[in-house]
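> Got a predicted model here, sequence first, then my questions.
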Amino acid sequence: MANYAVRLQRTASASASVGNVVTGGRRMKILDFSLGFEGTPADVACRADFQRCTTAGTSTAVTPQPRDAADAASSFTAGQNHTIEPTYTANAIQHSVSFNQRSWVRWVAAPGDEIVVPTTANNGIGIQTPVTPTVAITASLSVCEL
(Lines give C-alpha, C1' and ligand atoms only; values in the text may rest on other atoms or scores of the structure.)
Protein backbone atom coordinates (compact mmCIF):
# COMPACT_ATOMS: atom_id res chain seq x y z
CA MET A 1 0.00 0.00 0.00
CA ALA A 2 1.64 3.23 -1.17
CA ASN A 3 0.84 6.66 0.33
CA TYR A 4 0.87 9.93 -1.61
CA ALA A 5 0.71 13.62 -0.78
CA VAL A 6 -1.49 15.85 -2.93
CA ARG A 7 -1.70 19.64 -2.63
CA LEU A 8 -4.64 21.30 -4.36
CA GLN A 9 -5.02 25.08 -4.69
CA ARG A 10 -7.87 27.18 -5.96
CA THR A 11 -7.45 30.79 -7.00
CA ALA A 12 -9.97 33.35 -5.76
CA SER A 13 -13.42 31.98 -6.56
CA ALA A 14 -16.69 31.49 -4.74
CA SER A 15 -17.92 28.55 -6.78
CA ALA A 16 -15.12 26.52 -8.43
CA SER A 17 -14.01 23.24 -6.88
CA VAL A 18 -10.78 23.33 -4.91
CA GLY A 19 -9.70 20.19 -6.75
CA ASN A 20 -10.25 16.47 -7.09
CA VAL A 21 -8.57 13.08 -7.17
CA VAL A 22 -9.71 10.43 -9.67
CA THR A 23 -8.90 6.72 -9.65
CA GLY A 24 -6.51 5.36 -12.23
CA GLY A 25 -7.30 1.66 -11.94
CA ARG A 26 -6.65 1.00 -8.26
CA ARG A 27 -8.86 1.60 -5.24
CA MET A 28 -7.75 4.54 -3.11
CA LYS A 29 -8.48 5.97 0.30
CA ILE A 30 -8.20 9.53 1.61
CA LEU A 31 -6.52 9.13 4.99
CA ASP A 32 -6.46 12.76 6.08
CA PHE A 33 -6.74 16.29 4.80
CA SER A 34 -6.21 19.87 5.86
CA LEU A 35 -7.84 23.00 4.43
CA GLY A 36 -6.92 26.65 4.81
CA PHE A 37 -7.19 30.07 3.22
CA GLU A 38 -4.50 32.19 1.64
CA GLY A 39 -4.39 35.97 1.81
CA THR A 40 -5.75 38.51 4.27
CA PRO A 41 -8.00 36.86 6.87
CA ALA A 42 -11.53 38.00 7.62
CA ASP A 43 -14.38 36.70 9.74
CA VAL A 44 -16.04 34.64 7.04
CA ALA A 45 -17.52 31.15 7.22
CA CYS A 46 -16.71 28.38 4.77
CA ARG A 47 -17.91 24.84 4.16
CA ALA A 48 -16.05 22.17 2.22
CA ASP A 49 -17.86 19.11 0.89
CA PHE A 50 -15.94 16.01 -0.20
CA GLN A 51 -18.29 14.60 -2.82
CA ARG A 52 -18.11 11.64 -5.18
CA CYS A 53 -17.58 12.46 -8.86
CA THR A 54 -17.75 10.39 -12.06
CA THR A 55 -15.66 12.61 -14.35
CA ALA A 56 -12.54 14.61 -13.63
CA GLY A 57 -13.67 17.82 -15.35
CA THR A 58 -11.08 20.11 -16.92
CA SER A 59 -8.36 21.34 -14.60
CA THR A 60 -4.65 21.95 -14.11
CA ALA A 61 -2.93 18.62 -13.43
CA VAL A 62 -1.26 18.03 -10.07
CA THR A 63 1.28 15.23 -9.64
CA PRO A 64 0.73 13.17 -6.46
CA GLN A 65 4.03 12.77 -4.62
CA PRO A 66 4.94 9.42 -3.01
CA ARG A 67 5.64 9.73 0.70
CA ASP A 68 8.27 6.96 0.33
CA ALA A 69 10.68 7.64 -2.51
CA ALA A 70 10.87 3.87 -3.16
CA ASP A 71 7.18 3.75 -4.17
CA ALA A 72 6.12 3.90 -7.80
CA ALA A 73 4.24 6.83 -9.30
CA SER A 74 0.54 6.87 -8.44
CA SER A 75 -2.03 5.49 -10.86
CA PHE A 76 -4.62 8.09 -9.78
CA THR A 77 -4.73 11.66 -11.08
CA ALA A 78 -5.36 14.96 -9.35
CA GLY A 79 -6.45 18.36 -10.64
CA GLN A 80 -6.97 21.92 -9.41
CA ASN A 81 -8.27 25.26 -10.74
CA HIS A 82 -11.16 23.73 -12.68
CA THR A 83 -12.45 25.52 -15.77
CA ILE A 84 -15.04 22.76 -16.23
CA GLU A 85 -16.31 21.21 -13.01
CA PRO A 86 -16.24 17.46 -12.36
CA THR A 87 -19.56 15.63 -12.72
CA TYR A 88 -20.67 15.24 -9.11
CA THR A 89 -22.90 12.40 -7.94
CA ALA A 90 -26.03 13.92 -6.40
CA ASN A 91 -26.23 13.64 -2.61
CA ALA A 92 -23.00 11.59 -2.43
CA ILE A 93 -21.17 13.81 0.08
CA GLN A 94 -18.61 11.68 1.92
CA HIS A 95 -17.49 14.32 4.41
CA SER A 96 -18.45 17.92 5.10
CA VAL A 97 -16.58 20.38 7.29
CA SER A 98 -17.30 24.00 8.22
CA PHE A 99 -14.63 26.41 9.41
CA ASN A 100 -13.70 30.09 9.63
CA GLN A 101 -11.37 31.95 7.29
CA ARG A 102 -9.19 32.93 10.26
CA SER A 103 -8.37 29.29 10.95
CA TRP A 104 -7.57 26.05 9.17
CA VAL A 105 -8.98 22.58 9.65
CA ARG A 106 -7.49 19.09 9.68
CA TRP A 107 -9.36 15.79 9.55
CA VAL A 108 -7.73 12.42 10.23
CA ALA A 109 -9.72 9.27 9.50
CA ALA A 110 -10.23 6.76 12.26
CA PRO A 111 -9.00 3.34 11.10
CA GLY A 112 -11.66 1.87 8.83
CA ASP A 113 -13.39 5.24 8.37
CA GLU A 114 -11.33 6.56 5.45
CA ILE A 115 -13.00 8.15 2.41
CA VAL A 116 -12.87 5.27 -0.10
CA VAL A 117 -12.90 5.65 -3.89
CA PRO A 118 -13.83 2.49 -5.82
CA THR A 119 -11.75 1.10 -8.67
CA THR A 120 -14.43 2.11 -11.21
CA ALA A 121 -12.92 4.16 -14.07
CA ASN A 122 -13.17 7.97 -13.71
CA ASN A 123 -14.55 7.79 -10.16
CA GLY A 124 -13.12 10.12 -7.59
CA ILE A 125 -13.65 12.70 -4.87
CA GLY A 126 -13.94 16.42 -5.49
CA ILE A 127 -13.74 19.21 -2.93
CA GLN A 128 -16.57 21.71 -3.35
CA THR A 129 -17.07 24.89 -1.34
CA PRO A 130 -20.78 25.73 -1.62
CA VAL A 131 -20.52 28.20 1.28
CA THR A 132 -17.48 30.44 0.88
CA PRO A 133 -16.40 33.96 0.02
CA THR A 134 -14.33 34.66 -3.09
CA VAL A 135 -10.98 33.53 -1.70
CA ALA A 136 -8.03 31.29 -2.50
CA ILE A 137 -8.09 27.92 -0.71
CA THR A 138 -5.41 25.24 -0.33
CA ALA A 139 -6.12 21.61 0.49
CA SER A 140 -3.51 19.02 1.41
CA LEU A 141 -4.52 15.35 1.17
CA SER A 142 -2.91 12.07 2.17
CA VAL A 143 -4.07 9.34 -0.21
CA CYS A 144 -3.17 5.66 -0.27
CA GLU A 145 -3.59 3.26 -3.18
CA LEU A 146 -4.47 -0.35 -2.43
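Now that the structure is in, tell me what you want to look at. Numbers count the residues shown, from 1 in each chain.
> tell me which residues in stretch 4-21 are buried?
Across stretch 4-21, burial judged by 16 or more other C-beta atoms under 10 Å covers 4, 6-10, 13, 16-21. C-beta: built from backbone N, CA, C; applies to glycine.
> now do stretch 104-113
Within stretch 104-113, the residues scored as buried using 16+ other C-beta under 10 Å are Ala109.
> What is the end-to-end distance of it?
Taking C-alpha to C-alpha, to the nearest Å, stretch 104-113 runs 22 Å from one end to the other.
> swap in stretch 59-68?
One end of stretch 59-68 to the other measures 27 Å (C-alpha to C-alpha).
> What residues of that stretch count as buried?
So, applying 16+ other C-beta under 10 Å, buried residues of stretch 59-68: 59, 62, 64.
> Kindly reformat those as TSV containing secondary structure, pLDDT and distance to Ala72.
Below are those laid out as TSV (DSSP: H, G, I helix; E, B strand; the rest coil; pLDDT from 0 to 100; distance: C-beta to C-beta, whole Å):
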residue	secondary structure	pLDDT	distance to Ala72
Ser59	strand	92	23
Val62	strand	96	17
Pro64	coil	96	11
